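Trainee: predicted coordinates and the sequence they were generated for:
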Amino acid sequence: MQVNLHFWSAGAGLLVLGWGLGLSGCLEADPDDVVDLNSRFGDPSLPNGDAAPHIESAEALADDPSLAQKLDLFPGRVHYLRGFAEGRPIRYWNVEGPNADFIAPMYSIIGPNGQQLGKRVIDVIPGDNGYTPWWRETLVRTTPAFDALEPAARPRIWSRDAVDAGIELGYLQPAEPTTEIYDCQVLKLGTRIQVDDDPNETVGTDWVWYRNRRVEWACFAGAVDVPTDRRQMPIFPVHVLQRIDEPLPIYELAIGADLDGDGELVNSNNIFGSNVGGPRYSPFWYVALVRTEANYLSIESSSTAVGLSAEDQFLRLDADAPEDLEKATIISSQVKSIRGFPEQWVNCPIQVTRGEL
């Protein structure tokens, strides 16, 4: 019994000693215990970013098996479609993949002459909490300490963690959010995107940094301005038309039927609020079903023009609530009713230049 008491007494002394050492460490840091912030940068032994592992590589999957579930969520197809905006035919994409109504930052490292150094940096992919296809351009400028280093000796800013470490070490200035929001979807390696009428006219993906690995994505032209204090993406209706006596809308891709007999599922009478740059444009839309009269002329029944091709041809919007369809006035006799479905979100950027994203 006495032995046991002596044991616990000695243990208590060791415990007190341990607390004393802990308090001493709080007051004065041991240089050997300081975390090396340089460990948060990309691998310095790699000659350049192209040599870094791709997120879909066997090396990356062996290093982090949990990536496999995320990779299953990467979309591998982007549909190239026809529709209308502001009275004119347009081409647009329907981008598969997860949607969200919030904006995330993407970081561009900016050198002393204003040029972008390397690829952009993101911190979320499909399968991560917080993933979204809407990205705020965020500038991170280098400092003289970074600029003075030889290119091979500069820290590899290949992750959000590396951005933070670079700021702490004085290599980078604090991040500067801009008002420019881009539509960029993370995609599977090898995805091709059609950019013209010929299905063979396609472009490939680019890559971006995600936690020291390369990942594929596509960025579409037509940035949207959103104030830096707003995190939600603007959303407007895309009007999907359906005749009052027909069970399906006039939208080939959605119904899986070739309505105009051209052998493709790319045509629709979908009407967007504005073209790129207009007051009611955003690549982020919710579906508004528009019922029309039975004899409505559209893509499969008219060789000249559709009956409606602009939002203001059938709606007059309340100036105080421009995004609220419930406060819109129907001004076309061709339209019988409109129902909004805000929960049906779609990522549909309108093409700015034929042949390009």
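Mentor: Sure thing, it's come through.

Trainee: can you give me the strands in the stretch 151-300 of the chain?
Mentor: 176-186, 193-194, 202-203, 206-210, 213-225, 236-243, 271-272, 284-292 (DSSP state E, counting those that start in this stretch).

Trainee: looking at the ones you listed, which one is packed in the most?
Mentor: For these, the largest average neighbour count (mean count of other CB atoms under 10 Å) is found in strand 271-272, namely a mean of 26. For glycine as for every other residue, the C-beta is placed from the backbone atoms N, C-alpha and C.

Trainee: pull up the pairing partners for that strand, direction included.
Mentor: strand 78-85 (parallel), strand 236-243 (antiparallel) (DSSP bridges).

Trainee: for residue 70, which of those is the nearest?
Mentor: Closest to residue 70 of the strands paired with strand 271-272, according to CB to CB: strand 78-85, at 19.1 Å.

Trainee: quick one: residues in contact with the closest one.
Mentor: The contact list for strand 78-85 (CB atoms under 8 Å, 6 or more residues apart in numbering) reads 89-96, 185, 187, 191, 193-195, 218, 238, 253, 266-275, 278, 281, 299, 306, 308-310, 350.

Trainee: now do it against strand 213-225, angle only.
Mentor: 0 degrees (axes from the mean of the first three to the mean of the last three CA atoms, to 10 degrees).

Trainee: number of residues surrounding the closest residue to residue 168 other than its chain neighbours?
Mentor: Leaving aside its sequence neighbours, residue 168 sits nearest to residue 37 (CB to CB, 6 or more residues apart in numbering; 5.9 Å). Number of residues near residue 37 (other CB atoms under 10 Å) recorded here: 16.

Trainee: and what of residue 48?
Mentor: The number of residues near residue 48, taken as other CB under 10 Å, comes to 10.

Trainee: any idea how far residue 156 is from it?
Mentor: Separation of residue 48 from residue 156 (CB to CB, to the nearest Å): 9 Å.

Trainee: need the overlap of contacts for the two.
Mentor: Common neighbours of residue 48 and residue 156, counting by CB under 8 Å, 6+ apart, are absent.

Trainee: list the contacts for residue 166?
Mentor: Counted by CB under 8 Å, 6+ apart, residue 166 has contacts 41, 140, 146, 155, 157, 172.

Trainee: thinking the fourth one is in contact with residue 37, fair?
Mentor: No. Using CB atoms under 8 Å, residue 155 makes no contact with residue 37, being 9.1 Å away.

Trainee: so what sits against both of the two?
Mentor: 165, 169.

Trainee: check what pLDDT the residue sitting nearest the centre point of the chain gets.
Mentor: Centroid-nearest residue in the chain: residue 133, 1.7 Å away (criterion: CA atoms, centre = their mean). You'll see residue 133 listed with a pLDDT of 98.

Trainee: ok, it touching residue 97?
Mentor: Yes. Between residue 133 and residue 97 there is a contact under CB under 8 Å: 6.6 Å.

Trainee: intersection of neighbour lists for these two?
Mentor: What both residue 133 and residue 97 touch, as defined by CB under 8 Å, 6+ apart, is the set 185-186, 347.

Trainee: out of those residues, who's nearest residue 122?
Mentor: Closest to residue 122, out of all of those and judged by CB to CB, is residue 186, at 8.1 Å.
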